[in-house]
Structures are given as structure tokens and as C-alpha cells.
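In: Below is the sequence, then the predicted model.
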Amino acid sequence: MHRVVITGAGTINPLGHSVKDTLEAFREGRSGIGELDIRDVDRLSIRIGGQVRDYDPDARFNRQQQALYDRFTQFTLIAAEEAIRQSGLEFLGRLADRSGVVLGTSGGGLTTQDENYRAVYEEGKNRVHPFIVPKLMNNAAASHVSMEWNLRGPSFTVATACASSNHAMGQAFSLIRSGMATVMVTGGSESMLCFGGVKAWEGLRVMSKDACRPFSANRNGMVQGEGAGVFVFEDYDHARARGAQILAEVVGFSMTSDAADIVMPSQQGAARAIAGALADAGIDAEKVGYINAHGTGTAANDKTECAAVSTVFGHHANDVMISSTKSMHGHLIGGTGAVELLACIMAVRDGVIAPTIGYEEPDPECALDVVPNEAREARVEYALSNAFAFGGLNAVLALKRA
Amino acid sequence: MGTGMSDSVKDRVIAIIAEQAVLEPSDISMDQSLADLGIDSMGVVEAIFSIEETFDIQVPFNANEPEKSAFDISSVRAVVGAVERLVSEQAA
């Protein structure tokens, strides 16, 4: 089995347009959630979200590129560039053939669909731009990253709703660990903050109208975000041989299915995924210092997740720090696990634990150390990242300090 | 508002609840809770959607904090009363 390390990271999300800015926001406990600035917002009852601010596509992509790149693809390409530049890798020859891209997304080019349905249904147009299909397809982002960087090995897109990024990164990890690939560019992206996207979520009545307050007794739902997180996963021997800077090691992954309910989470399914990641990493729960929670801020998720962590961690559940950074960047759905992995890297590499902001009232059903409101310094050897999707599909990653 | 109108709101709300519970409207009693009728959280959200569509009203309801919502769903009677109020308020 090959060891797998992270040698590059990139992001654009509501907290910033780079890893540096995002980690700074995590340290300061800053929120990127605010009033939605989208077309027809006056017809929505949910009017807040974690939007990527101060973003000008014209400054990054020319007209021809924008004709092919949905917003979720643009975010992916920006994050991928940052990650690959940091890794210092150049994909040529055999390395190019042994390197690929696996990314998570839930809605893919939903903004493109929304705009073009509007054109044909609302505006009555009988013609749409010729590139709508290649622009909206879920694998568009992965394909454009492969073309941009000459990644000619295993490449595909994973769609498991809110666990998409974790499932994608788990696949990247497995591909390198098994020897099928040397380098994998991986993570995820989402951009659902358009009228139709938010309207669909409204219908489920699980969205908060004011703030995302995970684990707080007065939490009242999730807040949606957008953006991307992309990483370079690399074979450890390959990284060491070229003297690469290692951000963290990926040491475990597990996925389970609740096989129970299409929206309600299951304590047992989550617990099996957490325990599975520990077993895959070959470590006891006591070794884990930090968990980046799924922590959506819904009534159901947060108490179920805390119960699952307590089941697996036993007495150590009282000592482990568990925070939800969704309180700051919102729920990036298919991209969320990728942006949240940055908090795990910050924990094991920098010894800084991102807080759960907006925490106001203790909830006896979430009685863990949720790192309320302020970041904390702590030496962490191992960190877990939880993702539990609608549809009962769970994916948990384990990182180790490099 | 006349009695006939109220009755029709009541009958239509009961029909919506009965459909969610997979029961006949005659099997629904006003004192039962939606949970008594076997309606889960998804069923509640779907019933509220049907109520909004049927009466062309907006129902304030957050599944995360049903007890804090202005829309009382503690019993069939409470739901009928809440819908009657919303219909008269929002018709104004």
C-alpha cells in the first residue's frame, strides 16, 4: 500500500479567494454569510447565503471560456490552479498518464440550467446557446481541470449530495494508495445560489432565515454556501523524492450507507463511517484531537452527529474538539467537504482549531466541545472530517500531521 | 366568515391530512396529532405544501423548530384553526 500526502491546496469560497484568506477567517471566526445578491431574490423567503463576494469572472476568464464554464467550473479551475501551483508539479509524460482528477458536486451546472430554463420557459425563447450541455454537465469541472493541466489518468465526478467532496477525495486516496495513480487532483465545487436552486431548498423547510448556528440549542436550520476546494493528493514516495512540501497525510477513509431514509440522518450509519475511518487509519479514537463536523445547523443532523461521535469515542468524546465551519461559510453541498478539509489541515499543520461561530445556547443533545465562537490553539496529531449526505450516504476522512 | 366557508376549510384540511396518513377522512379525529396518524416530518412538510397550494396561502413553518413556528400542528384541530386564520388574514 502506498502512503498518500497532500502537497497542494486551493479554494474560493465565501470566506476568501485563497487558502490563506480562508484560514485567516477561520482563525478570526469570521462569517461569510450575508444577504443574497441574486436575480428575483424578492420572490424567495430564504434571503441569506454564503456567496462568493467580490468575484469578477471577466478578470479570470475570457468570453470563450465563460461560454463553457459554469460558475461551479470557474470556482473549480481557480481552486485547482492555486493547489497545483503550490504543489509545484508539472504533468508531463508518464506522470501525466498516472495522474487524474476526481471531484465532487451535487448540482453541477445548476446556474446554467436555471438561466436557460428561464430563457425558454419564462422569456419564451426558442433557442439557447450551443454549449449549454457541455457547460451544465456534472463532469464539466473535472474535465476542464484535466484539459488545463494535462491530467490523463483516471478522472471522473462523484455526486453524493452533501458528501460528494468526501466521497471524491476518498476515491482519490484509494487510487493512489492502491497504486493506480501517482497524483490525483481532488475536492469539489458547488454553485446553487440561483433562484431555482434556493427555491428548491426552501421547499424542504430546513433553511434558516437568519444564521447557521450548529450545535446551539436555538439553531434553526442550514444556510447554503457556494465555492470550491481542491487539493493535490500525491504518492508519499513521489512527493518525498522531489522534496515537496507536505501539508498533511491522508491516512484513512470510510463510507457507509444508512439504507434507511432519504433525508433523516442515522446515528448508526454515521457512527459506522466514523469508526470505519479510524479502523482504516489503524488508530484508536483517543488519538484524534479534532473533528470537522458535518454540523449543518439543522435540528436533526447536529444531535444525530453528536450521538454518533459519542458512540464511537466513548469517554474520549468529552475531550475531542468538534467544530462546524459551516457556521462561517455555509453549507457548500457537494463542495463542502473540500473546503472543510482546510480546517483539518489547519488543525494538524498549524495547531489552530477553527471555531463554531454563532454559538449561543448549549444543547444537552449536543454536549461536546464544539469550540464555541473562538479559535483555539492545540497540538493535533489526527483529525477527522465528517460528511453525511441526504440519501443516507456517509463519508469520513482521517488526516495525520505530516 | 360564514359557517359554510369554515366547514369547507376544515373538510379540505382533513382531506389533505387523510391523504398523507393514507386513511379515509372519516377516520380522522380532530383531537389526534399528526404523529398519532403516522405522519412523519416529511409528511408534515408535504401536507403544508398541499395546504399552501389548495388555499393559496403562505404557511410559516420551519421543520427545525416546529414548536416555535407560528403554525400550530399539535393536533388536527390546531391545523384546521391555523389554516382558517391564515386564509382570513391573507385574503385581506
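Out: Right, received. Where do you want to start?
In: Could you use CA atoms for every contact and neighbour count after this?
Out: OK.
In: what about the longest helix in chain B?
Out: Criterion DSSP state H: the longest helix present in chain B is helix B:3-21.
In: If you count neighbours, what's buried in that one?
Out: For helix B:3-21, burial by neighbour count (16 or more other C-alpha atoms under 10 Å in any protein chain shown) applies to B:Ser6, B:Val9, B:Lys10, B:Arg12, B:Val13, B:Ile14, B:Ala15, B:Ile16, B:Ile17, B:Ala18, B:Gln20, B:Ala21.
In: any chance you could map the strands in chain A?
Out: Per DSSP state E, chain A carries strands over the ranges A:4-12, A:34-35, A:48-49, A:99-104, A:156-158, A:183-190, A:227-235, A:248-257, A:288-292, A:321-323, A:352-353, A:376-377, A:382-389, A:393-400.
In: The second one: partners in the sheet, and parallel or antiparallel?
Out: The partner list of strand A:34-35 in its sheet, established with DSSP bridges, is strand A:48-49 (antiparallel).
In: same check, this time on the last one
Out: For strand A:393-400, the pairing partners within the sheet under DSSP bridges are strand A:248-257 (antiparallel), strand A:382-389 (antiparallel).
In: Spell out which parts of chain B neighbour chain A.
Out: By C-alpha under 8 Å from any C-alpha of the partner chain, the residues of chain B that approach chain A are B:Val45, B:Phe49, B:Phe61, B:Asn62, B:Ala63, B:Asn64, B:Glu65.
In: could you point out which element follows the longest helix of chain B?
Out: Per DSSP states H and E, the first helix or strand lying C-terminal to helix B:3-21 is helix B:41-55.
In: Burial-wise, tell me which of the strands paired with strand A:393-400 comes out on top.
Out: Mean neighbour count (mean count of other C-alpha atoms under 10 Å in any protein chain shown) peaks for strand A:382-389 among the strands paired with strand A:393-400, with a mean of 28.
In: Can you tell me what sits against that one?
Out: For strand A:382-389, contacts defined as C-alpha atoms under 8 Å, 6 or more residues apart in numbering or on different chains pick out A:160-163, A:166, A:265, A:270, A:274, A:287-294, A:337, A:340-341, A:344, A:347-348, A:394-401.
In: likewise stretch A:142-158?
Out: With contacts defined as C-alpha under 8 Å, 6+ apart, stretch A:142-158 is touched by A:73, A:76-77, A:80, A:90-92, A:96-105, A:138-139, A:164-165, A:167-168, A:181.
In: now it, how far from the centre of its chain.
Out: Distance of stretch A:142-158 from the chain centroid (C-alpha atoms, centre = their mean, to the nearest Å) equals 18 Å.
In: So which bits of it are buried?
Out: A:142-146, A:149-158.
In: Out of those residues, name the ones that lie in helices.
Out: If you go by DSSP H, the buried residues of stretch A:142-158 have A:Ala142, A:Ser143, A:His144, A:Val145, A:Ser146, A:Trp149 in helices.
In: Among the residues of chain B next to chain A, find the lowest-pLDDT one for me.
Out: Lowest in pLDDT among these is B:Glu65, which has 86.
In: Now that one: closest residue in space, sequence neighbours ignored.
Out: Nearest residue to B:Glu65, sequence neighbours excluded (C-alpha to C-alpha, 6 or more residues apart in numbering or on different chains): A:Asn220, at 6.2 Å.
In: ok, the one you found - how many residues close by?
Out: Around A:Asn220 there are 25 other residues, counting by other C-alpha atoms under 10 Å in any protein chain shown.
In: Correct me if wrong: it contacts B:Phe61.
Out: No: under the criterion of C-alpha atoms under 8 Å, A:Asn220 makes no contact with B:Phe61, lying 11.0 Å away.
In: thinking again about what came up before, can you list the strands of chain A in CSV and add mean pLDDT?
Out: Formatted as CSV, these follow (pLDDT from 0 to 100):
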stretch, mean pLDDT
strand A:4-12, 98
strand A:34-35, 98
strand A:48-49, 98
strand A:99-104, 98
strand A:156-158, 98
strand A:183-190, 98
strand A:227-235, 98
strand A:248-257, 98
strand A:288-292, 98
strand A:321-323, 98
strand A:352-353, 98
strand A:376-377, 98
strand A:382-389, 98
strand A:393-400, 98
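In: Columns distance to A:Lys199 on top of those, output as a markdown table?
Out: Output for these, formatted as a markdown table (distance: least, C-alpha to C-alpha, whole Å):
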| stretch | distance to A:Lys199 |
| --- | --- |
| strand A:4-12 | 24 |
| strand A:34-35 | 15 |
| strand A:48-49 | 12 |
| strand A:99-104 | 22 |
| strand A:156-158 | 24 |
| strand A:183-190 | 16 |
| strand A:227-235 | 19 |
| strand A:248-257 | 28 |
| strand A:288-292 | 28 |
| strand A:321-323 | 28 |
| strand A:352-353 | 34 |
| strand A:376-377 | 37 |
| strand A:382-389 | 20 |
| strand A:393-400 | 24 |
